[in-house]
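>>> Need coordinates for the below:
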Amino acid sequence: MFRILSIFLLVASVPLAGQTPDSGPVLRSGSSMRLILRAGPDSGYIGSVLARSGDSLRVITPELGLAQVALEDVARFEVESSNKTGLLVGLTAAGGAVAGIVQGASVAESLLLGTVFAAVAVLPGSASEPRRWRRVDPAVSWRGGPGGARVRLSAPGAGFSTVELRLQDFQADTLFFMEGGIVPSLPLGEVTSLELSLGYNRRRGVAVGSVIGGIAGIVYGGSVYLRAGGDPVVLLPIVGIGLALGGGFGGVTGYLLAPRRWQRVPLSGPAPPSR
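Okay, the predicted model is just below:
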């Protein structure tokens with residue numbers, strides 16, 4: 001059982017450690033961005049940038065829809081930057097997991113328990129803190145490679161009821177997608193519903209995972225202890241340990257498997273404000 005938990009933490013540490021900030025943020029199709037226009041609201045528009053063509057950007061946001069924005073109208077352009085919480089928890093989890101797989105007990109147990117309690121302490125705060133943004137120059141910060149904004153759409157006429165795809169670009173009345181190295185196109189007129197992913201609902205994932213894991217830890221720990229003939233008088237501390245351990249593992253799992261946040265995008269949105 002101990003080594004199984006160790007392997008779980010080792011697997012979980014990989015995506016956690018992968019959420020480190022980019023030392024030099026660059027843009028690619030699908031990068032999460034906050035776009036502040038000279039004539040727009042101070043809070044800007046949050047969505048994804050798809051492509052740059054000459055002196056303009058093609059973006060998708062819930063307010064603007066699919067829009068082409070002139071670079072001269074952009075007051076500030078920012079991309080999302082993650083914090084170091086994932087790195088710290090991920091490296092701690094990796095260290096504890098490797099020790100657990102090799103050693104099986106003693107020091108490894110302490111490392112694993114420390115990882116779980118660290119996750120309980122920091123992940124809820126990390127999941128609820130505001131998104132971080134770093135300013136970049138949208139004219140020169142592009143990098144090639146696969147990408148695309150995660151969208152969910154319905155196009156019954158084209159045979160799609162509800163499907164998730166990566167929107168790479170759009171031109172005129174056509175959408176272009178990147179899936180498996182192939183870029184299929186779809187007429188915008190065929191689309192009846194379009195939603196944009198605005199990241200993951202980490203707060204909900206941690207909350208639900210912690211509750212489910214905590215209940216499972218209480219039930220499992222208490223039942224095993226009583227079946228082994230343990231003294232019911234000390235059952236309460238055992239239940240507390242089960243709650244902490246189960247809630248910790250459940251919180252980590254919920255953080256990693258958090259559901260996406262979706263927001264409807266108008267299919268014929270307003271033109272970006274002009275100066």
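
>>> Would you agree residue 175 is in contact with residue 189?
No. Between residue 175 and residue 189 no contact is recorded; they are 10.3 Å apart, counting by CB atoms under 8 Å. In short, each C-beta sits where N, CA and C put it, glycine included.

>>> So those two - more neighbours on which side?
In terms of neighbours (other CB atoms under 10 Å), residue 175 is the more surrounded of residue 175 and residue 189; the figures are 24 against 12.

>>> Tell me who's in contact with the more buried one.
167, 185-188, 191 (CB atoms under 8 Å, 6 or more residues apart in numbering).

>>> Out of these, which one has the lowest pLDDT?
For the contacts of residue 175, the least confident position by pLDDT is residue 185, scoring 87.

>>> Count the neighbours of residue 54 for me.
Neighbour count for residue 54, taken as other CB under 10 Å: 7.

>>> and if you look at residue 52?
Look at residue 52: counted by other CB under 10 Å, it has 17 neighbours.

>>> which other helices and strands contact the helix or strand in which it is found?
Using DSSP states H and E, the secondary-structure element containing residue 52 is strand 45-53. Judged by 3 or more CB pairs under 8 Å, 6 or more residues apart in numbering; DSSP states H and E, strand 45-53 is in contact with strand 31-37, strand 56-61, strand 149-155, strand 160-171, strand 193-200.

>>> Compute the inter-axis angle for the last one and strand 31-37.
For strand 193-200 and strand 31-37, the angle between their directions (axes from the mean of the first three to the mean of the last three CA atoms, to 10 degrees) works out to 100 degrees.

>>> list the buried ones in the next helix or strand after strand 193-200?
Moving toward the C-terminus from strand 193-200, the next helix or strand (DSSP H and E) is helix 202-227. Neighbour counts over helix 202-227 (16 or more other CB atoms under 10 Å) mark 202-203, 205-210, 212-214, 216-218, 221-222, 225 as buried.
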